[in-house]
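*Asks:* No letters, just coordinates:
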Ligand code: GCV
């Protein structure tokens with residue numbers, strides 16, 4: 001095994017109290033998930049305590065007990081873990097609940113908890129907690145920054161030990177669904193639902209299932225044409241419907257228990273119902289109806305926009321597109337369709353407002369999509385811990401109702417009683433030895449899983465757990481790495497894009513500073529900067545996007561005075577001389593923020609260097625190199641952005657720093 005096991009490699013611990021439970025693992029009921037739970041406990045106990053635990057079937061009052069129960073408060077996947085006399089009990093209504101309880105017990109031990117403080121009841125907040133891979137069948141990964149795919153190579157599916165280890169990593173943080181292939185489904189990937197691939201898919205499904213994970217695939221809407229030789233993919237054509245019926249019946253015969261499909265349609269060149277004058281509800285419902293008898297779901301992405309839009313029309317605005325397309329369809333989608341919505345209306349920028357579709361549609365299952373692959377946030381070469389951003393999104397009040405109106409309430413089903421809903425993240429894994437390219441990027445995968453399971457966890461708490469599991473509990477290690485992570489998103493925002501404007505990256509690669517780099521900028525620059533100011537007017541005088549929100553959000557976004565400052569340039573064109581609440585002019589803020597961002601990276605690097613004696617050398621060196629690179633790159637960002645706006649505005653920096 002050339003690769004490492006991220007947070008699933010265990011440190012020796014000195015918790016003496018727990019030793020009394022380490023006589024055997026007892027199971028009253030056995031299936032593949034419970035076997036996985038027992039295996040995980042056995043290997044963790046071996047590594048942590050140097051004890052080999054025998055595995056016994058039947059009841060017991062001693063040892064580690066894996067117990068199936070029937071308790072309403074534990075829901076479908078929740079657990080109750082607790083010490084009881086000479087036993088440590090992991091109790092749940094399902095095998096998955098037991099597996100999650102087992103991982104939590106291991107985690108608490110690694111975090112230094114004493115046995116008497118280890119009682120916990122937790123039911124996952126979100127029904128669906130998914131990872132979306134953008135892996136292509138040739139082995140490349142769209143927006144992948146940590147090597148090649150470990151699922152696909154040369155148009156074949158790989159089934160090896162790493163698949164199981166991936167399932168272990170995912171399940172350890174509560175993931176229960178994985179989409180294997182890229183949403184841009186082309187060529188061989190269209191054939192994934194054919195005989196050629198069922199055998200390997202079955203095997204992957206079996207491995208995933210033993211870790212409580214359902215397998216999903218991304219689907220090409222034009223499959224009836226490309227695979228079935230029909231001349232249409234019109235969702236209302238009887239011929240097309242029958243073709244899908246036969247095809248999807250075949251899929252479920254071959255892969256019983258298969259989760260369902262993720263679909264990107266009518267976006268960035270992908271086919272969809274618009275070609276036939278049909279709505280997205282027509283497209284999604286046709287597929288949903290076919291797989292409903294099997295308990296399958298259709299996850300339909302709302303990332304639908306026309307990248308060829310002509311912006312000279314003042315009301316034309318990519319940010320409006322999701323809401324404009326989907327809001328009128330509210331209430332028309334089948335019960336087993338879920339709309340998957342990116343956190344913001346654009347595309348995973350370092351700062352965006354929350355998509356107005358959350359709470360905008362009240363009668364349609366919704367799921368939040370975030371991206372842990374850091375496409376626009378440093379591509380896993382820069383540290384950018386995204387959990388604080390995801391927390392802000394989850395805590396955003398939509399005002400769709402008087403209470404329970406936060407994004408976390410909506411996507412967890414608490415607001416409208418949905419059960420088909422949850423959170424998905426675009427994956428940041430690859431076949432690099434450390435899975436994530438940057439060792440610290442692992443915190444985003446870990447954190448996404450933990451947050452989707454328990455949206456109440458704080459970013460700091462999640463960071464602390466991940467550090468304990470990965471690097472140990474030494475206070476200096478804990479403090480320095482937590483500080484690095486917590487500074488990283490604000491720092492990245494500071495040295496890249498000011499006040500929510502976004503998109504100042506090189507076209508297509510989406511990496512590195514390029515103020516005019518937005519690739520669909522045929523009709524003028526996205527940021528609308530001129531000699532007097534910059535920003536996009538999305539008030540009613542501008543594109544009207546702000547009005548897509550419920551009040552008071554809409555009213556706040558409407559005016560420069562009430563708009564949250566971190567989003568000022570997303571919603572308004574503002575003069576360089578405009579005074580911000582801190583008394584600085586906009587231009588001075590741009591200069592200062594960029595210099596501060598670089599200083600923050602200097603601090604991050606310094607804090608890492610202080611850990612030289614505490615971190616295993618190869619990991620220490622890997623992270624050191626990346627942080628040194630990040631520092632240089634942050635300076636490049638600073639200089640390019642500052643000089644661009646200095647030349648545009650002709651207003652000098654009032655601190656007289658050198659701006660190139
Ligand atoms: C998978 C952005 C990315 C694309 C990605 C797309 C999407 O445009 O740059 O690589 O395609 O989002 O989310 O579908």
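*Replies:* Looks like it arrived, so ask away. These numbers were taken from a predicted model, which means no experiment stands behind them.

*Asks:* Quick check: residue 153 touching residue 139?
*Replies:* Yes: in this structure, residue 153 is within contact of residue 139 by CB atoms under 8 Å, at 4.4 Å. The way it works is simple: take the backbone N, C-alpha and C, and place the C-beta from them, glycine included.

*Asks:* More neighbours: which of these two?
*Replies:* When residue 153 and residue 139 are compared for neighbours, residue 139 comes out ahead with 20 against 14, by other CB atoms under 10 Å.

*Asks:* Got phi/psi on that one?
*Replies:* When read as degrees, to the nearest 10, the backbone of residue 139 gives phi 100, psi -10.

*Asks:* And for residue 253?
*Replies:* Backbone geometry at residue 253, expressed as degrees, to the nearest 10, gives phi -70, psi -40.

*Asks:* Neighbours of it, how many?
*Replies:* Neighbours around residue 253, by other CB under 10 Å: 10.

*Asks:* In the stretch 551-660 of the chain, what residue lies closest to the ligand?
*Replies:* Using CB to the nearest ligand atom, the closest approach of the stretch 551-660 of the chain to the ligand is made by residue 570 at 17.9 Å.

*Asks:* and that residue, which of the three is it?
*Replies:* helix (DSSP: H, G, I helix; E, B strand; the rest coil).

*Asks:* residues in contact with the most centrally placed residue in the chain?
*Replies:* Centroid check for the chain by CA atoms, centre = their mean gives residue 425 as the closest residue, at 2.4 Å. Residue 425 sits next to 130-132, 369-372, 445, 448, 452 when contact means CB atoms under 8 Å, 6 or more residues apart in numbering.

*Asks:* and those as JSON lines, adding pLDDT and secondary structure?
*Replies:* Below are the contacts of residue 425 laid out as JSON lines (pLDDT from 0 to 100; DSSP: H, G, I helix; E, B strand; the rest coil):
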{"residue": "130", "pLDDT": "99", "secondary structure": "strand"}
{"residue": "131", "pLDDT": "99", "secondary structure": "strand"}
{"residue": "132", "pLDDT": "99", "secondary structure": "strand"}
{"residue": "369", "pLDDT": "99", "secondary structure": "strand"}
{"residue": "370", "pLDDT": "99", "secondary structure": "strand"}
{"residue": "371", "pLDDT": "98", "secondary structure": "strand"}
{"residue": "372", "pLDDT": "98", "secondary structure": "coil"}
{"residue": "445", "pLDDT": "99", "secondary structure": "helix"}
{"residue": "448", "pLDDT": "99", "secondary structure": "helix"}
{"residue": "452", "pLDDT": "98", "secondary structure": "helix"}
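
*Asks:* How about whichever strand or helix holds residue 299 and the ligand, touching?
*Replies:* If you go by DSSP states H and E, residue 299 is part of strand 297-301. No: using CB under 6 Å from any ligand atom, strand 297-301 never reaches the ligand; the gap is at least 6.9 Å.

*Asks:* what packs against that strand?
*Replies:* Of the remaining helices and strands, those touching strand 297-301 by 3 or more CB pairs under 8 Å, 6 or more residues apart in numbering; DSSP states H and E are strand 260-263, helix 280-291, strand 337-342.

*Asks:* neighbouring contacts of the longest one?
*Replies:* Right, the one you point to is helix 280-291. Against helix 280-291 from outside (CB under 8 Å, 6+ apart): 219, 221, 235-236, 240-241, 244-245, 248-249, 252, 260-261, 263, 265-266, 272-273, 296-298, 300, 304, 325-326, 329, 332-334, 336-337.

*Asks:* cool, and the shortest one?
*Replies:* Strand 260-263 is contacted from outside by 132, 179, 183, 216-219, 221, 283-284, 287, 291, 296-301, 336, 340, using CB under 8 Å, 6+ apart.

*Asks:* at 7 Å what do you get?
*Replies:* Residues outside strand 260-263 that contact it (CB atoms under 7 Å, 6 or more residues apart in numbering) are 132, 179, 183, 216-219, 221, 287, 291, 296-301.

*Asks:* Measure how far it is from the centre of its chain, please.
*Replies:* 17 Å (CA atoms, centre = their mean, to the nearest Å).

*Asks:* about what we covered before: quick check: the farthest pair among the contacts of residue 425?
*Replies:* 369 and 445 (15.2 Å; CB to CB).

*Asks:* re the thing from before, can I get the helices and strands packed on strand 297-301 in a markdown table including mean pLDDT and distance to residue 87?
*Replies:* Formatted as a markdown table, these follow (pLDDT from 0 to 100; distance: least, CB to CB, whole Å):
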| stretch | mean pLDDT | distance to residue 87 |
| --- | --- | --- |
| strand 260-263 | 98 | 39 |
| helix 280-291 | 98 | 43 |
| strand 337-342 | 98 | 40 |
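
*Asks:* Which among the contacts of residue 425 count as buried?
*Replies:* By neighbour count, with 16 or more other CB atoms under 10 Å, the contacts of residue 425 hold 130-132, 369-372, 445, 448, 452 as buried.

*Asks:* So the closest residue to residue 520 other than its chain neighbours: helix, strand or coil?
*Replies:* Closest residue in space to residue 520, ignoring its immediate chain neighbours: residue 307 at 4.9 Å, by CB to CB, 6 or more residues apart in numbering. Here residue 307 is recorded as coil under three-state DSSP.

*Asks:* Local confidence estimate at residue 307?
*Replies:* We have a pLDDT of 78 for residue 307.

*Asks:* how close does it sit to residue 54?
*Replies:* 60 Å (CB to CB, to the nearest Å).

*Asks:* Now do the contacts for residue 447.
*Replies:* 387, 462, 466.

*Asks:* can you confirm it is in a helix?
*Replies:* Yes: under three-state DSSP, residue 447 falls within a helix.

*Asks:* so how many other residues sit close to residue 561?
*Replies:* 8.
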